[in-house]
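A.B. asks: I'll drop the sequence and a predicted model, then ask my questions.
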Amino acid sequence: MKDKTYVSAQTARRVLYFVTVIFSVAFLYAGNRLAMQSGGLFPPFSDPSLIKAKVISISNREVKEQQGFTTTDMVQSVHIQFFAQELEGTHKGETLLAEQVIDGMFGGQMEEIEVGDKVSLYLNPDPMATTTYAMGDYLRSDGLMVFCLVFLAMLLVFGRMKGFHTILSLLFTCAAVFVVFVPMVLAGYNIYYCAVMICIYTVVSTLLLVNGATTKTLTAIIGCAAGVFASGAITLLMTKLLKLSGLVSQETQFLLDLGTAQPIDLKGVVFAAIIIGAMGAVMDVAMSVASALAELADQAAVVTVRSLFRSGMNIGRDMMSTMANTLVLAYIGSSLASVLLLAAYAKSVLELVNREMIVTEIVQAVTGSMAILLTIPLTSLVAAVLYTRKPKTPEKEAIQE
């Protein structure tokens, strides 16, 4: 028969779990409503002017050659007319005549369509066109949804109930960023406060949902919060010392041209990108250290603050190199195309390193790595203090005697 204390503790954890879920739903709903009422922007789920269709036949294909940017450069432009069958909507099954235009003067054009491809169609904006509809892009949303569902199914198969909790926390995290954070920033709210608020919510809700209300979870929350705040402080300091403006790409220039209630602070965008990007790795490190030390504290006959802290540092040293590499490689991979372009046109390495875009990427990677380094001793210290204060069980007291 289970001990009454154990049963009551399990009941308290279940209650706190459901309270966390209810609070998360209320937080997301209230945050989204507040942002929308203040003028926040977010695209609707579907576009009524978009038509989903499947290519059933190609009626005509024309290829024209024209002179490129140089006298010796010849490029090809392809004009394809095809019939497509509407997949859904009021005219489901109807056959439409559409066209695809591939202009060879511009690089990065999409591939030519083939029979069986699923595409999106719009009303042709060209008044001189011979077709009513023009191809927008390949229809990728269906395949992407299947891909994500396979990932979620794998989480359930390998993680079981822990996988279910992970899926729930992942959904809440994505909703917090895209349903609350993005609209609030576009509505003119302070991006620094919004980023910190989202990070705190994500850390607390994720760890409570995945690991429950335990001393281990509390340790991880404190260590992770300290690491995130450290990354924010370092970001603010380096932004001022390196005189970063946040204007690092064409996308950031477009942000300045948005008709929002207040101009978007580009330095704040850099701040938010760094702490949100570092939060995942910091949370992983904090939880790993807290979990390992909890196991040590439970198995050891005698445990002291000093010995537990030393064990945490030893465990953390084995983690810091791989986690730092993870962050650096993630930032390099996300901006690889831009780095290649800048490197191709840079006159020297010194000029390349002094470009603000490269500097910002380096600051992001180094700041995230420094946050990991600071999270390890902070989490180890919190774990050492909290775990040694836990009441001893009769079995452990007997071993100690």
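C.D. replies: Ah, there it is.
A.B. asks: how is this protein partitioned into domains?
C.D. replies: As assigned by automatic domain parsing, the chain contains the domains 4-38+159-400, 51-139.
A.B. asks: so of those, which one's packed in deepest?
C.D. replies: Ranked by mean neighbour count, the domains of the chain are led by domain 4-38+159-400 with a mean of 17 (mean count of other CB atoms under 10 Å). For every residue, glycine as well, the C-beta is placed using N, CA and C.
A.B. asks: how about the strands in this protein?
C.D. replies: 51-67, 74-86, 95-102, 118-123, 133-138 (DSSP state E).
A.B. asks: columns distance to V150 and mean pLDDT on top of the domains of the chain, output as JSON lines?
C.D. replies: Below are the domains of the chain laid out as JSON lines (distance: least, CB to CB, whole Å; pLDDT from 0 to 100):
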{"stretch": "domain 4-38+159-400", "distance to V150": "13", "mean pLDDT": "82"}
{"stretch": "domain 51-139", "distance to V150": "18", "mean pLDDT": "80"}
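A.B. asks: so L121 makes contact with A53?
C.D. replies: Yes. Using CB atoms under 8 Å, L121 is in contact with A53, at 5.3 Å.
A.B. asks: and the closest residue to N190 other than its chain neighbours, what does it touch?
C.D. replies: Closest residue to N190 apart from its sequence neighbours, by CB to CB, 6 or more residues apart in numbering: G268 at 7.6 Å. Neighbouring residues of G268 by CB atoms under 8 Å, 6 or more residues apart in numbering: 190-192, 195, 246.
A.B. asks: what's the closest of the strands of the chain to T235?
C.D. replies: strand 133-138 (35.9 Å; CB to CB).
A.B. asks: tilt between the closest one and strand 74-86?
C.D. replies: 100 degrees (axes from the mean of the first three to the mean of the last three CA atoms, to 10 degrees).
A.B. asks: direction included, what does strand 133-138 pair up with?
C.D. replies: Applying DSSP bridges, strand 133-138 is found paired with strand 95-102 (parallel), strand 118-123 (antiparallel).
A.B. asks: which residues touch it?
C.D. replies: Contacts for strand 133-138 (CB under 8 Å, 6+ apart): 50-51, 84, 96-101, 110, 113, 117-126.
A.B. asks: next one: stretch 203-212
C.D. replies: By CB under 8 Å, 6+ apart, stretch 203-212 touches 13, 16-17, 20-21, 23-24, 162, 165-166, 168-169, 172-173, 217, 220-221, 224-225, 228, 279, 283, 287.
A.B. asks: that older thread, ok, the residue nearest to N190 to V185 distance?
C.D. replies: Noted for G268: a distance of 8 Å to V185, by CB to CB, to the nearest Å.
A.B. asks: ditto for V25
C.D. replies: In terms of CB to CB, V25 sits 22 Å off from V185.
A.B. asks: next: R160.
C.D. replies: For R160 relative to V185 (CB to CB), the value is 37 Å.
A.B. asks: let me have the strands paired with strand 133-138 in TSV, extended by distance to I362.
C.D. replies: Output for these, formatted as TSV (distance: least, CB to CB, whole Å):
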stretch	distance to I362
strand 95-102	38
strand 118-123	39
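A.B. asks: for T131, which of those strands is the nearest?
C.D. replies: Closest among the strands paired with strand 133-138, using CB to CB: strand 95-102, at 4.4 Å.
A.B. asks: off-centre distance for the closest one?
C.D. replies: Mean-position distance between strand 95-102 and its chain equals 35 Å (CA atoms, centre = their mean, to the nearest Å).
A.B. asks: relative to strand 51-67, how tilted is that strand?
C.D. replies: 40 degrees.
A.B. asks: and stretch 247-265, how far apart are its ends?
C.D. replies: By CA to CA, to the nearest Å, the extent of stretch 247-265 from end to end equals 10 Å.
A.B. asks: what's the spacing between that stretch and its chain's center?
C.D. replies: 20 Å.
A.B. asks: same check on stretch 347-359?
C.D. replies: 27 Å.
A.B. asks: start to end distance for that stretch?
C.D. replies: Termini of stretch 347-359 sit 17 Å apart (CA to CA).
A.B. asks: circling back: mind listing the shared neighbours of L121 and A53?
C.D. replies: Contacts common to L121 and A53, judged by CB under 8 Å, 6+ apart, are 84, 96, 98.
A.B. asks: got phi/psi on L242?
C.D. replies: In terms of degrees, to the nearest 10, the main-chain angles of L242 are phi -90, psi 0.
A.B. asks: nearest spatial neighbour of it, skipping sequence neighbours?
C.D. replies: V359 (6.0 Å).
A.B. asks: how near is that neighbour to G89?
C.D. replies: For V359 relative to G89 (CB to CB), the value is 49 Å.
A.B. asks: same thing with M161?
C.D. replies: 40 Å.
A.B. asks: and S120, by the same measure?
C.D. replies: Distance from S120 to G89, by CB to CB: 12 Å.
A.B. asks: kindly report the same for G136.
C.D. replies: 15 Å.
A.B. asks: equivalent analysis for S49, please.
C.D. replies: Applying CB to CB to S49 and G89 gives a distance of 11 Å.
A.B. asks: likewise for V157?
C.D. replies: 36 Å.
A.B. asks: could you do S380 as well?
C.D. replies: For S380 relative to G89 (CB to CB), the value is 58 Å.
A.B. asks: next one: Y133
C.D. replies: Y133 is 13 Å from G89, where distance means CB to CB.
A.B. asks: A273 contacts Q364, correct?
C.D. replies: Yes. Using CB under 8 Å, A273 is in contact with Q364, at 6.8 Å.
A.B. asks: off-centre distance for stretch 82-98?
C.D. replies: With CA atoms, centre = their mean, you get 36 Å for stretch 82-98.
A.B. asks: could you list the residues in contact with it?
C.D. replies: 51-59, 81, 99-100, 113, 118-119, 121, 124, 131-135.
A.B. asks: report the contact partners of the closest residue to F309 other than its chain neighbours.
C.D. replies: Spatial nearest neighbour of F309, chain neighbours left out: A384 (4.1 Å); criterion: CB to CB, 6+ apart. Listed by CB under 8 Å, 6+ apart, the contact partners of A384 are 293, 305-306, 308-309, 312.
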